[in-house]
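> fold the stuff below for me.
(one chain, ligands or ions: 2)
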Amino acid sequence: MNKYEVLKKYFGYDSFREGQEVLIDSILKGQDTLGIMPTGAGKSICYQIPALVMQGITIVISPLISLMKDQVGALNQAGIHAAYLNSSLTYNQYCLALSYARQGRYKIIYVAPERLTTDEFLSFALEADISMISIDEAHCVSQWGQDFRPSYLKVVEFIDQLARRPVVSAFTATATIEVQEDIIKILKLRNPQLLITGFDRKNLSYQVVKPNDKYEYVRNYVSTNLDKSGIIYCLTRKTVEEVSERLQREGVQVTRYHAGLSDNERIQNQDDFIYDTKPVMVATNAFGMGIDKSNVSYVIHYNMPKNIESYYQEAGRAGRDGEPAECILLFNGQDVIMNQFLIDQNRDNEALDYATQELVNRRDRQRLKQMTFYCTTTDCLREYVLQYFGEKGDPYCGNCSNCLTQFETMDITKPAKAIVTCVKECRERFGITVILDTVHGSKNAKIQQYRMDENSQFASITDTTVARLRQIINHLIHREYLVLSDSQYPVVMLGELAGEILEATEPIWMKIAAEEEKKPSKQA
Ligand code: ADP
Ligand code: ZN
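Ligands and ions are numbered 1, 2, ... in the order given. From the prediction side, this is the model:
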């Protein structure tokens, strides 16, 4: 049977979705393959179809028992012989399944990574005709990834022991460039076909808003969208309680969800939301996994999440029905500090040794930085996210708060030179606030204590507001003229490109939002 016949006969579909065919063809050609597609895009058939077209057995490595059960159940129902081998089986069941596997009864076998290198499994694998090893949730091999699993390192160990190397395919939904490189390197993929696709959700509009009063923004938004269903994500349980209580007092049909509630209340509240008894859900990130509600019209983030992966996943719960939906992130500087605190608290992960913990902590900080840039950039937000995941975006999407804002360019040559000179002169010892206060000429206690009033740049830029100076310094960091250290209290350091600012003979430009009164009215 060819791939089209398999698609129709076993899965009941007439055509492939974006990307599927490229991945299937590459596997069938015998080329290692790495497929990166968001959840729900249809990764499974990308290895299941080649598994059925090829001679021999396919081994699928998957980290979650529940996932394996679902997949194997669905395959068997479709008439495909499949089995799983994991810790949910008793020893007898396990031995029975292996003996069936030896008899060649299964076309596809799902295995937990920690089983691969056991004697029983190896003795089976060494004699079996294995045509493909497919690794699901492949980001688990990377310490950069959301959930690193040391047992995934056994996959390579296992492949290396086989007499004949089968084609290797790997799949994941979240992979930054670092994770992609890690997957290829650690799994030793050979000249792999890499395909990243399907991240763009065209019906979602992305907005970053910096309201003076976040609650007031939400109250106003919710009360003008009472006919719609939405999720409001907050960083802490306390904020969930506060926001949901205040909305309730306003008469909004609102419910809440976080890990501190009883099981019963969580189930009840989730149902109230799903069945639209209470169309507004205020929740921590504990809410949403496995919840399939198609008519969510907006997702508001009351606080900035810790990284783009989380943000995209949570925001992506809007507009599953394909209707236009809004993803709004309410940002203020406090969110950055709060997330930094949470990342540092998260250090004591007992599964990891000290060096790995440090590495993870540094990477978490870096991802937080990239999330923060999302909130401060003036470039297209959609393109920023697509690039983050390695997919090509268009520099203008026309449907995000930056593309829809009228910007003007501002000559920042003078303040940029002052800031960089100030950082250089104080030998990269201070954070953003001290630098800005120096340049702006605030003679507060800290400035005097650090003797920054003696810096040559002290009070050199008094005609620009501190808020604007903050935008400028963020811009300089974003463009890598300056660098923020990864330490607990980040200090501003010179970036590799700092010299370009100091020696600039041409004006340096920055995009800023046009003043309110200059904005064209909507009718125009
Ligand atoms: P992922 O593993 O990427 O999260 P799945 O493999 O579970 O996604 O697929 C998501 C859904 O899309 C499943 O219900 C699957 O049957 C369906 N699907 C996959 N490929 C196609 C296709 N070519 N046409 C229609 N539906 C598809
Ligand atoms: Zn855009």
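> give me phi/psi at the residue lying farthest from the centre of the chain?
Distance to the chain centre peaks in the chain at Glu454, reaching 43.9 Å (criterion: CA atoms, centre = their mean). When read as degrees, to the nearest 10, the backbone of Glu454 gives phi -100, psi -10.
> if I look at it, how far off is Lys443?
Distance of Glu454 to Lys443, given as CB to CB, to the nearest Å: 12 Å. Bear in mind the C-beta positions are built from the backbone N, C-alpha and C, glycine included.
> equivalent analysis for Leu89, please.
72 Å.
> what does Pro324 give?
Note on Pro324: its distance to Lys443, by CB to CB, is 51 Å.
> hang on, the earlier thing: settle it for me: which of Leu89 and Lys443 has more neighbours?
Shown here are Leu89 and Lys443; by other CB atoms under 10 Å, Leu89 has more neighbours (17 against 12).
> list the contacts of the more buried one.
Ala97 (CB atoms under 8 Å, 6 or more residues apart in numbering).
> secondary structure class of the closest residue to Cys95 other than its chain neighbours, three-state.
Nearest non-adjacent residue to Cys95, counting by CB to CB, 6 or more residues apart in numbering: Glu120, 7.6 Å away. Following DSSP: H, G, I helix; E, B strand; the rest coil, the label given to Glu120 is helix.
> number of nearby residues for Asp321?
Other residues near Asp321 come to 12 when the count uses other CB under 10 Å.
> that one and His301: what is the separation?
In terms of CB to CB, Asp321 sits 21 Å off from His301.
> now Thr409
Per CB to CB, Thr409 is found 29 Å from His301.
> got it, and Gly288?
Taking CB to CB, one finds Gly288 at 12 Å from His301.
> kindly report the same for Ile291.
17 Å.
> neighbour-wise, which of those two wins?
The residue with more neighbours, out of Ile291 and His301, is His301; 25 against 14, by other CB under 10 Å.
> the more buried one: what's it in contact with?
With contact taken as CB under 8 Å, 6+ apart, His301 is in contact with Ile232, Tyr233, Tyr311, Glu314, Ala315, Cys327, Ile328, Leu329, Leu330.
> quick check: beta-bridge partners of it?
Tyr233, Leu329 (DSSP bridges).
> show me what counts as buried in stretch 231-248.
Neighbour-count burial for stretch 231-248, counted by 16 or more other CB atoms under 10 Å, picks out 231-235, 237, 239-241, 243-244, 247-248.
> I'd like those residues as a markdown table, with distance to ligand 2, pLDDT and secondary structure appended.
Below are those laid out as a markdown table (distance: CB to the ion, whole Å; pLDDT from 0 to 100; DSSP: H, G, I helix; E, B strand; the rest coil):
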| residue | distance to ligand 2 | pLDDT | secondary structure |
| --- | --- | --- | --- |
| Ile231 | 22 | 98 | strand |
| Ile232 | 23 | 98 | strand |
| Tyr233 | 21 | 98 | strand |
| Cys234 | 26 | 97 | coil |
| Leu235 | 25 | 95 | coil |
| Arg237 | 33 | 97 | helix |
| Thr239 | 28 | 97 | helix |
| Val240 | 30 | 98 | helix |
| Glu241 | 34 | 98 | helix |
| Val243 | 28 | 98 | helix |
| Ser244 | 31 | 98 | helix |
| Leu247 | 30 | 98 | helix |
| Gln248 | 35 | 97 | helix |
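> show me which pair in these is furthest apart.
Leu235 and Gln248 (20.0 Å; CB to CB).
> all helices for the stretch 201-350 of the chain, in order.
Counting by DSSP state H, counting those that start in this stretch, one finds helices in the stretch 201-350 of the chain at the ranges 214-223, 237-249, 263-274, 308-315, 333-345.
> return the most buried member of these.
helix 308-315 (a mean of 22; mean count of other CB atoms under 10 Å).
> average pLDDT across that one?
Average pLDDT, helix 308-315: 92.
> ok, residues contacting it?
By CB under 8 Å, 6+ apart, the list of residues contacting helix 308-315 reads 39, 146, 174, 176, 199, 204, 206, 231, 233, 285, 288, 299, 301, 304-305, 327, 329, 367, 370-371, 374, 385, 388-389.
> report the buried members of these.
Here, 16+ other CB under 10 Å leaves 146, 174, 176, 199, 204, 206, 231, 233, 285, 288, 299, 301, 304-305, 327, 329, 367, 371, 374, 385, 388-389 buried among the contacts of helix 308-315.
> low-confidence stretches in the stretch 251-400 of the chain?
Along the stretch 251-400 of the chain, the parts satisfying pLDDT under 70 run over 348-351.
> picking up where we left off before, among the contacts of helix 308-315, which ones lie close to ligand 1?
Applying CB under 6 Å from any ligand atom to the contacts of helix 308-315, one finds that Thr39 fall near ligand 1.
> what's the longest helix seen in the chain packed up against?
Counting residues, the longest helix in the chain under DSSP state H turns out to be helix 354-376. Here helix 354-376 touches helix 308-315, helix 333-345, helix 381-388, helix 466-478, going by 3 or more CB pairs under 8 Å, 6 or more residues apart in numbering; DSSP states H and E.
> gap between that helix and the chain center?
12 Å (CA atoms, centre = their mean, to the nearest Å).
> cool, stretch 197-215 as well?
14 Å.
> not counting its own residues, what contacts it?
Residues contacting stretch 197-215 (CB under 8 Å, 6+ apart): 17-19, 36-38, 41, 217, 243, 246, 302, 312, 315-316, 318-319, 322-332, 374-375, 381-382, 385-386, 389, 391, 393, 399-402.
> what does stretch 267-275 give?
For stretch 267-275, using CB under 8 Å, 6+ apart, the contacting residues are 229, 255-257, 261, 277-281, 287, 291, 293.
> again, but for stretch 497-507
In contact with stretch 497-507 (CB under 8 Å, 6+ apart) are residues 411, 413, 416-417, 420-421, 423-424, 476, 479-482, 508.
> model confidence over it, on average?
93.
> burial of Lys185, as a residue count?
With other CB under 10 Å as criterion, Lys185 counts 11.
> can you tell me the element it falls in?
helix 177-186 (DSSP states H and E).
> go on, Val60?
Judged by DSSP H and E, Val60 forms part of strand 57-61.
> is ligand 1 contacted by that strand?
No. Strand 57-61 is not in contact with ligand 1 by CB under 6 Å from any ligand atom; minimum separation 11.6 Å.
> who wins for proximity to Glu137 among the helices of the stretch 201-350 of the chain?
helix 308-315 (13.3 Å).
> and the closest one with helix 381-388, angle?
Interaxial angle, helix 308-315 versus helix 381-388 (axes from the mean of the first three to the mean of the last three CA atoms, to 10 degrees): 130 degrees.
> next one: helix 308-315 to chain centre, how far?
On CA atoms, centre = their mean, the centre of helix 308-315 falls 5 Å from that of its chain.
> tilt between it and helix 177-186?
110 degrees.
> is helix 308-315 up against ligand 1 anywhere?
No. If you take CB under 6 Å from any ligand atom as the test, helix 308-315 misses ligand 1, and the best it gets is 11.8 Å.
> dump that helix to PDB, keeping only the CA atoms.
Output in PDB follows, covering the C-alpha atoms of helix 308-315 (Å, rounded to 0.1, in the frame of the first residue of the first chain):
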ATOM      1  CA  ILE A 308       7.500  32.300  24.800                       C
ATOM      2  CA  GLU A 309       6.700  28.600  24.800                       C
ATOM      3  CA  SER A 310       4.300  29.000  27.700                       C
ATOM      4  CA  TYR A 311       2.800  32.200  26.300                       C
ATOM      5  CA  TYR A 312       2.200  30.700  22.900                       C
ATOM      6  CA  GLN A 313       0.600  27.600  24.300                       C
ATOM      7  CA  GLU A 314      -1.700  29.500  26.600                       C
ATOM      8  CA  ALA A 315      -2.600  32.200  24.100                       C
END
